[in-house]
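1. Following is a predicted model, sequence given first.
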Amino acid sequence: MPKSPLFLSLLILPFFVFALAANATAATPITKQFKEAPQFYNSPDCPVIVDEDESDGEASILCLDQAVHVAMTLDTAYIRGSMAAILSVLQHSSCPQNIAFHFVASTTANASLLRATISSSFPYLNFQVYPFDDSSVSRLISTSIRSALDCPLNYARSYLANLLPLCVRRVVYLDSDLVLVDDIAKLAATPLGDNSVLAAPEYCNANFTSYFTLTFWSNPSLSFTFANRKACYFNTGVMVIDLDRWREGDYTTKIEEWMELQKRMRIYELGSLPPFLLVFAGNIVPVDHRWNQHGLGGDNFRGLCRDLHPGPVSLLHWSGKGKPWARLDANRPCPLDALWAPYDLLQTPFTLDS
C-alpha cells in the first residue's frame, strides 16, 4: 500500500530536526554583544615606551621589556569574564597604554571572531592572539573532579613560554574569572630574586596533602618530591612568570612528565593545578594575599557563596564552580557578585545609551 505524502513527511521530520540540531551544536559563535569600553590614557608621569607617531606602535609594545605583559586565555565560554577582567585591568592602571595583552585561544576556536570581539569593545588595546593546539596536551589530560577543569585550554598556562614570542621575558598570567581593583603594575613588578621562576600568593594553612592521592603519599619515591621543600598551596589563576627562566629550565617538559605519570597511576584529582604544585610548590616567591582573593566561586561541586578573606583586596577571583555572570543571569547572585557587575560589558536588550 503506497504511503501518503503526510506520512513520509512525518517520517523524515525527526531526521531533519536532528540534522539542524547537529549543525547548531557544531557552530559555537559568540551570540552576546558587548559595549565599547571607555578609552584609558596614561597619567602624566608614565614613561613613554612607544612613539605615538610610529605606525607599528602596537607591534612594538608587544615586545618591549618596559611594558606590563598580561597573558590570558580566550574562548567563547568565558568571553564575558575575560572582557570584565580586561576592563578592570585598564581602569585601575596608572599607565594603561603601557600594557600589552597576550591572548591564547584554541586552534579550534574562531580566532577572527574572538579578535573582533576584543577590538570592538577595546579599539585601542595593545594585544595579540596566539593559537594553542589542543592536541598537544589533550593526550595528557586525565579526568578530574569537574569537567570544566579538563578543557585543554585550561592547561595553556603551562605552555606560555612556547606560545609567546621570545622577546616577552616576563608576564602576569590571569584567569578570566577575576577583576582587579588595583594597579597591575605593582603585581608585575614583584621581585623574583636570582633564581625563582614564578611568584604567586601562597596559602600555607591549606591542607596541602589533600591535593594528592593516597597512592602518591604512600609511594616514597613520589612523596620524596617535596623533601626539603616547604611546599604550600598556591592558586595558578594569578602568577608572575619569568619566561626566560622557564624556558631555560624547560619547565613545560617537567609538568608534562607528571601528567604522563598521572595517566599511568592516579596521583591527583584536580586538573591542571597539581602538576604546577609538584614542580613549583616551595620554590616560588610569595605574593601578598591581597593579589588573589580567590574561592569566590565556591567549591568545585556546588559553587556556594563565600566571604572575602580578612585583609586588603587588590584582586577578586571567582575560582570554583560559581561564576558571577551566571549567578547574576539566574537572578541568584551572591553578595560579592555585586563587585564584579560594574565591569560587565554585556550589551543587554534593556541597556539605555547615554
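-> Yep, that arrived. Bear in mind the structure is a predicted one, so any value in this text is a computation, not a measurement.

2. What's the separation between the closest residue to residue 178 other than its chain neighbours and residue 49?
-> Nearest in space to residue 178, with sequence neighbours left out and distances taken as CB to CB, 6 or more residues apart in numbering, is residue 317 at 4.2 Å. In short, each C-beta sits where N, CA and C put it, glycine included. Residue 317 sits 29 Å away from residue 49, taking CB to CB, to the nearest Å as the criterion.

3. that older thread, next, the residue nearest to residue 178: phi, psi?
-> Dihedral pair for residue 317: phi -130, psi 120, per degrees, to the nearest 10.

4. Show the pLDDT at it.
-> Model confidence at residue 317, given as pLDDT, is 97.

5. How many residues are close by it?
-> Residues lying near residue 317 (other CB atoms under 10 Å) number 23.

6. In this structure it contacts residue 290, no?
-> No: taking contacts as CB atoms under 8 Å, residue 317 lies outside contact range of residue 290: 11.3 Å.

7. contacting residues for residue 81?
-> Contact partners of residue 81, counting by CB atoms under 8 Å, 6 or more residues apart in numbering, are 176, 177, 178, 318, 323, 324, 325.

8. could you show me where the strands are in the chain, in order?
-> For the chain, the strands defined by DSSP state E occupy 68-73, 99-106, 127-132, 170-174, 178-180, 198-200, 202-203, 233-234, 238-242, 285-286, 315-317.

9. Looking at those strands, which is nearest to residue 214?
-> strand 233-234 (18.1 Å; CB to CB).

10. gap between that closest one and the chain center?
-> Chain-centre distance of strand 233-234: 17 Å, with CA atoms, centre = their mean, to the nearest Å.

11. Neighbouring strands of it in the sheet, and parallel or not?
-> Strand 233-234 sits in its sheet next to strand 202-203 (antiparallel), going by DSSP bridges.

12. residues making contact with the strand it pairs with?
-> Here strand 202-203 makes contact (CB under 8 Å, 6+ apart) with 232, 233, 234, 235, 284, 286, 287, 289.

13. Now for the nearest residue to residue 263 once chain neighbours are set aside, how many residues are close by?
-> Excluding the flanking residues, the one nearest residue 263 by CB to CB, 6+ apart is residue 142, at 5.9 Å. Using other CB under 10 Å, residue 142 is surrounded by 14 other residues.

14. Surely residue 142 touches residue 262?
-> Yes: checked against CB under 8 Å, the pair residue 142 and residue 262 is within contact range at 5.0 Å.

15. residues contacting residue 334?
-> Residue 334 makes contact with 296, 305, 306, 322, 324, 327 under the criterion CB under 8 Å, 6+ apart.

16. With residue 69 as the reference, measure out to the residue lying closest to residue 285 once chain neighbours are set aside.
-> Leaving aside its chain neighbours, residue 285 sits nearest to residue 199 (3.8 Å; criterion: CB to CB, 6+ apart). If you measure residue 199 against residue 69 using CB to CB, the figure is 14 Å.
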